[in-house]
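Undergrad: Got a sequence here, can you model it:
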Amino acid sequence: MNNDVFRALSDPTRREILELLRSGPRTSGEIAEKFSTSWATVSRHLSVLKDAELILAERNGQHVVYELNTTVFQDVVEHLIKWLRPRRSNA
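TA: Here you go, the predicted structure:
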């Protein structure tokens, strides 16, 4: 897992986009209409999420459809669980 995942998750707008995608795939236009920011800003957020592999994008005609990449979320959870396990001392 790379740091791009944690950087992507650190932004509230990107977390809100991920929350939108929990209900299923959406086009970039459907995502953008939920925000008061410019299309360019939403596009940058989608790019960061895609680079972190948190979302998948597929072109469908004139539209790009985004959906969650649940395998990366599983990796994140496994990584965090490791932090919760106490370390064994070598003593």
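Undergrad: Now do the contacts for the residue sitting nearest the centre point of the chain.
TA: Central residue of the chain (CA atoms, centre = their mean): residue 54, 3.6 Å from the mean position. For residue 54, the contacting residues are 5, 8-9, 18, 68-69, 72-73, by CB atoms under 8 Å, 6 or more residues apart in numbering. C-betas here are computed from N, CA, C, even on glycine.
Undergrad: Tabulate these in TSV, adding columns for neighbour count and pLDDT.
TA: Formatted as TSV, the contacts of residue 54 follow (neighbours: other CB atoms under 10 Å; pLDDT from 0 to 100):
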residue	neighbour count	pLDDT
5	19	89
8	23	94
9	17	92
18	17	96
68	20	95
69	18	94
72	17	83
73	14	79
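Undergrad: Among those residues, which one lies nearest to residue 58?
TA: Nearest to residue 58 among those, counting by CB to CB, is residue 69 at 11.6 Å.
Undergrad: just the helices in this structure please.
TA: Taking DSSP state H, the helices of the chain run over residues 3-9, 12-21, 28-32, 39-51, 70-84.
Undergrad: Compute the inter-axis angle for the last one and helix 12-21.
TA: With axes from the mean of the first three to the mean of the last three CA atoms, to 10 degrees as the basis, helix 70-84 and helix 12-21 are set at 120 degrees to each other.
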